[in-house]
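Participant: fold the following and give me the result.
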Amino acid sequence: MTELREAALLELAAGRAPVELEADLGYPGAPNSKTAPGGKTIRRLLSAVDRQPVFRDWLAGTQVSAAVRDILGEEAQMSRAHHNCVMTKHPRHGSRTNWHRDIRYWSFGFPGLVSMWLALGSETRANGALSFIPSSHALDLPDTLFDDRKFLRLDVPAGRELAKTAVPVALEPGDTVFFHCRTLHAAGPNLTDAVKFSLVATYRGVSNPPLPGSRSAAMPEIPLPVAGVE
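Facilitator: Numbers count the residues shown, from 1 in each chain. Okay, here's the model as predicted:
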């Protein structure tokens, strides 16, 4: 965890591309533009596996591989096109993330992917930790329950009732969460004085390739270590 966090701090200080800025997304609480105060605040350090060897060693290593294989029930690959980032949440200019499913903009044979979230420091409600709606991956929710950006609508009773069942997840450094790509999750703003760092990735089983020509197929994937093979 020390090596991962030091690498994250180094990459944030360097700020080298590719990055995603809070102003690029325009989520609640984000700066209105890149020229506004905090407009250059980084939300994601993209292409984590190509930034530092320690990121790749974790994201495509044997520990994560074993867990993903147990969850998916088959050998797996890591997506370079989705997540594959160091997620940062800054004080003051770090935005809130509304309720959503990761699969909303992905294109695969079927929605059976798993997301991995590794806390590089303590994550609490105060600094914008994740919350989940349990079992929401199994719910068949109508499109009308989501807005044009595919966030859950809280202006309708069904959306509000779902959000009431949310469970916040406090994490300590090294705690790792694996969740289905259809699980509704959200995160609040960072109300502390320190940047929060998380390492995030997405995995799919070998039987579930990305659809040709889609954004999901835009970058070569990383095969995870095969069980019993060094």
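
Participant: count of residues packed around the nearest residue to Leu72 once chain neighbours are set aside?
Facilitator: The shortest distance from Leu72 to any non-neighbouring residue, by CB to CB, 6 or more residues apart in numbering, is to Gly205 (4.3 Å). C-beta here means a position set from N, CA and C on the backbone, and glycine is covered the same way. By other CB atoms under 10 Å, the residues close to Gly205 number 21.

Participant: ok, so what distance separates Gly205 from Gly39?
Facilitator: Taking CB to CB, to the nearest Å as the measure, Gly205 falls 40 Å from Gly39.

Participant: mind listing what's buried in the helix or strand of the chain with the lowest mean pLDDT?
Facilitator: Least confident element among the helices and strands of the chain, by mean pLDDT, DSSP states H and E: helix 22-25 (a mean of 93). For helix 22-25, the neighbour count (16 or more other CB atoms under 10 Å) marks Glu22, Ala23 as buried.

Participant: over to stretch 143-159?
Facilitator: Phe146, Phe151, Leu152, Arg153, Gly159.

Participant: how about the nearest residue to the third one once chain neighbours are set aside, secondary structure?
Facilitator: Spatial nearest neighbour of Leu152, excluding adjacent residues (CB to CB, 6+ apart): Trp99 at 3.6 Å. Assigned with DSSP: H, G, I helix; E, B strand; the rest coil, Trp99 falls in the strand class.

Participant: pLDDT score for Trp99?
Facilitator: Predicted confidence (pLDDT) for Trp99: 98.

Participant: what sits up against the least confident helix or strand of the chain?
Facilitator: The contact list for helix 22-25, computed with CB atoms under 8 Å, 6 or more residues apart in numbering, reads 30-34, 36, 38-43, 90, 93-95.

Participant: one more time with 7 Å
Facilitator: With contacts defined as CB atoms under 7 Å, 6 or more residues apart in numbering, helix 22-25 is touched by Ala30, Pro31, Ser33, Lys34, Gly39, Thr41, Arg43, His93, Gly94, Ser95.

Participant: and the helices in the protein, which stretches?
Facilitator: For the chain, the helices defined by DSSP state H cover 2-14, 22-25, 53-59, 62-72, 157-164.

Participant: what's the angle between the strand ranked longest in the chain and helix 2-14?
Facilitator: Longest strand in the chain by number of residues, with DSSP state E as the criterion: strand 196-205. With axes from the mean of the first three to the mean of the last three CA atoms, to 10 degrees as the basis, strand 196-205 and helix 2-14 are set at 110 degrees to each other.

Participant: and strand 196-205, what other elements does it pack with?
Facilitator: Packing partners of strand 196-205 (3 or more CB pairs under 7 Å, 6 or more residues apart in numbering; DSSP states H and E): helix 2-14, helix 53-59, strand 76-78, strand 85-89, strand 114-119.

Participant: packing partners for the second one?
Facilitator: Based on contacts counted as 3+ CB pairs under 7 Å, 6+ apart, the elements that helix 53-59 packs against are helix 2-14, strand 196-205.

Participant: measure how buried Gly15 is and give me the count.
Facilitator: Neighbour number of Gly15 under other CB under 10 Å is 10.

Participant: show me what contacts it?
Facilitator: Ile42.

Participant: for the residue with the shortest distance to the centre of the chain, give its distance to Leu113.
Facilitator: By CA atoms, centre = their mean, the mean C-alpha position of the chain lies nearest to Val200, the distance being 4.8 Å. Distance, Val200 to Leu113, by CB to CB: 13 Å.

Participant: all good on my end, thank you.
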